[in-house]
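[1] Mind looking at a prediction? Sequence and model below.
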Amino acid sequence: MTRTLQLTEQLISLPSITPTDAGCQALIAARLQPLGFVCETLESGPADFRVTNLWAKRAATHTNAAQGAPKTIAFAGHTDVVPTGPVAQWTSDPFAPTHRDGKLFGRGASDMKTSLAAFVVAIEEFLAVRPQAHLNIALLLTSDEEGPAVDGTVMVCRELQKRGETLDFCIVGEPTSVQRTGDMIKNGRRGTMSGKLTVKGLQGHIAYPQLAKNPIHLFAPAMAELASIEWDRGNDFFPPTSWQVSNIHGGTGASNVIPGTLVVDFNFRFSTESTPESLQQRLSAVLDRHDLEYELAWTIGGLPFLTTPGTLVNAVREAIREETGIETELSTSGGTSDGRFIAQICPQVIELGPTNATIHKIDEHIPVADIEPLKNIYRRVLEKLVA
């Protein structure tokens, strides 16, 4: 059993369902402290939803004036996992790491305890050979990525900003690969913005529509127009911005009553070609043009971020190629991640992790053969950043 696999299994065995950390961060800190990392636990959130965050940093022990100040790379991720779902449907205990057919089964095997173990062992191996490397190394871990994500990475990033802490590079260990570890990395993510629209009408008897105003009928033409709008055309890295309705609710439950209000939930997934302000203004203009009486509440879940090919992307591409022979694909597809918060304090952020076919599923697993290559890729990136 490799040290990476051993640590992965130790982490899987800790039932760290959001927001519980269950000792994962303490286990990792115990591995990092002997390497010279200063480990700080930052707790946040209400008593009934207490979030645990770890900020661990090792400053370069030797500096070289000719090289300038050492750069800082952070490895970021989450120790929390989603609930297991019906345990009886699992082939084996979700928190008892189990091997079958060359695969490691357990909740968090893919999302993302393998990445966390690979981070740690990669750092250990790198520092064993390059203890005086001109590079600051940090870890940023949270137990609130799978949950509301309001007391986790975003809170730590705000704290680092207050302290004047800067990051130059960040690798987030999200499971980004498709068929084989390293075949896809995320060099950005779309922004997400949700809206709750309340269209006002006038409740009445369905047999006397002239005495009522049906908000469903009133909104229908506006919805058709909104669904047909080209919000932007995307760019070389992002697909076009999309607008999708996720829920519509109106009515009292009675078949003979025209409702007084209609509530519509919708979401924008937007590229860097649009801003929250521009999308809000364009949507409101459509509603106003249709002469609707309405209330509208917005929630910005995260801004888009993009890391164009440069120092970090090139280092990751080369590391993957050397370790696996794969020419990795750059992608901004999928949902959001904590990368959206880190990108506010770090100019170069990418996501790289194991295959994601079974994340959040019953019998989550990862091919055992993918674990060491992932660790080696992380180590190779460190080597390239100090080459």
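    Thanks, I have the structure now. What you see is a predicted model, and the numbers here were worked out from it, not measured in a lab. Residues are numbered from 1 along each chain as shown.
[2] use CA for all of it now, contacts and neighbours both
    Noted.
[3] Can you tell me the element Ile171 falls in?
    strand 169-172 (DSSP states H and E).
[4] right, and the helix or strand after that strand?
    Following strand 169-172 in sequence, per DSSP H and E, is strand 184-186.
[5] Give me the contacts around that following strand.
    176-178, 328-333, 350-353 (Cα atoms under 8 Å, 6 or more residues apart in numbering).
[6] any idea which element the spatially most central residue of the chain lies in?
    Central residue of the chain (Cα atoms, centre = their mean): Ser337, 1.3 Å from the mean position. Counting by DSSP H and E, no helix or strand carries Ser337.
[7] Renumber starting at 592 from here on
    I'll keep to 592 as the first residue from here, and by that count the last item is Ser928.
[8] so what's it up against?
    Residues in contact with Ser928 (Cα under 8 Å, 6+ apart) are 736, 765, 780.
[9] which neighbours does the strand holding Ile762 have in its sheet, and in what orientation?
    Sheet pairing of strand 760-763 (DSSP bridges) gives strand 662-669 (parallel), strand 939-942 (parallel).
[10] Can you tell me which of those strands is most buried?
    strand 939-942 (a mean of 27; mean count of other Cα atoms under 10 Å).
[11] ok, Trp822 touching Glu816?
    No: using Cα atoms under 8 Å, Trp822 is not in contact with Glu816; the gap is 11.6 Å.
[12] between the two, who's got more neighbours?
    Trp822 (21 against 13; other Cα atoms under 10 Å).
[13] what's near enough to touch the closest residue to that one other than its chain neighbours?
    Closest residue to Trp822 apart from its sequence neighbours, by Cα to Cα, 6 or more residues apart in numbering: Thr832 at 5.8 Å. Residues near Thr832 by Cα under 8 Å, 6+ apart: 821-825, 859-862, 865.
[14] what's the spacing between Thr832 and Thr593?
    Distance of Thr832 to Thr593, computed by Cα to Cα, to the nearest Å: 44 Å.
[15] again with Arg622
    Distance from Arg622 to Thr593, by Cα to Cα: 15 Å.
[16] Looking at these two, which one has more neighbours?
    Arg622 (14 against 10).
[17] residue contacts, the nearest residue to the more buried one once chain neighbours are set aside?
    Closest residue to Arg622 apart from its sequence neighbours, by Cα to Cα, 6+ apart: Val711 at 7.5 Å. By Cα under 8 Å, 6+ apart, Val711 lies in contact with 619, 622-623.
[18] Of those, just say which sits nearest to Asp774.
    Nearest to Asp774 among the contacts of Val711 is Ile619, at 27.2 Å by Cα to Cα.
[19] average model confidence for the helix or strand hosting that closest one?
    Per DSSP H and E: Ile619 is located in helix 615-623. Average pLDDT, helix 615-623: 98.
[20] which residues touch Leu623?
    Contact analysis of Leu623 by Cα under 8 Å, 6+ apart lists 630, 647, 711.
[21] Distance of it relative to Gln616?
    10 Å.
[22] again with Thr767
    22 Å.
[23] who has more neighbours, these two?
    Thr767 (26 against 23).
[24] The more buried one contacts Leu943, correct?
    Yes: in this structure, Thr767 is within contact of Leu943 by Cα under 8 Å, at 5.6 Å.
[25] which neighbours do those two share?
    773, 775-777.
[26] Nearest to Ser706 among these?
    For the shared contacts of Thr767 and Leu943, the nearest to Ser706 is Gly773 (12.2 Å; Cα to Cα).
[27] so what's the closest one up against?
    Contacts of Gly773 by Cα under 8 Å, 6+ apart are 767, 911, 915, 917, 919, 943-945, 965.
[28] tell me the two of those residues that are most distant?
    Thr767 and Thr915 (15.4 Å).
[29] Now do the helices in the stretch 642-791 of the chain.
    Taking DSSP state H, counting those that start in this stretch, the helices of the stretch 642-791 of the chain run over residues 705-720, 744-754.
[30] Can I get those helices in TSV including mean pLDDT and distance to Ser607?
    Shown next, in TSV, are the helices of the stretch 642-791 of the chain (pLDDT from 0 to 100; distance: least, Cα to Cα, whole Å):
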stretch	mean pLDDT	distance to Ser607
helix 705-720	98	13
helix 744-754	96	16
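[31] what's the most buried one of those?
    helix 705-720 (a mean of 22).
[32] follow-up on the earlier one: and the strands paired with strand 760-763: which comes nearest Asn847?
    strand 662-669 (50.5 Å).
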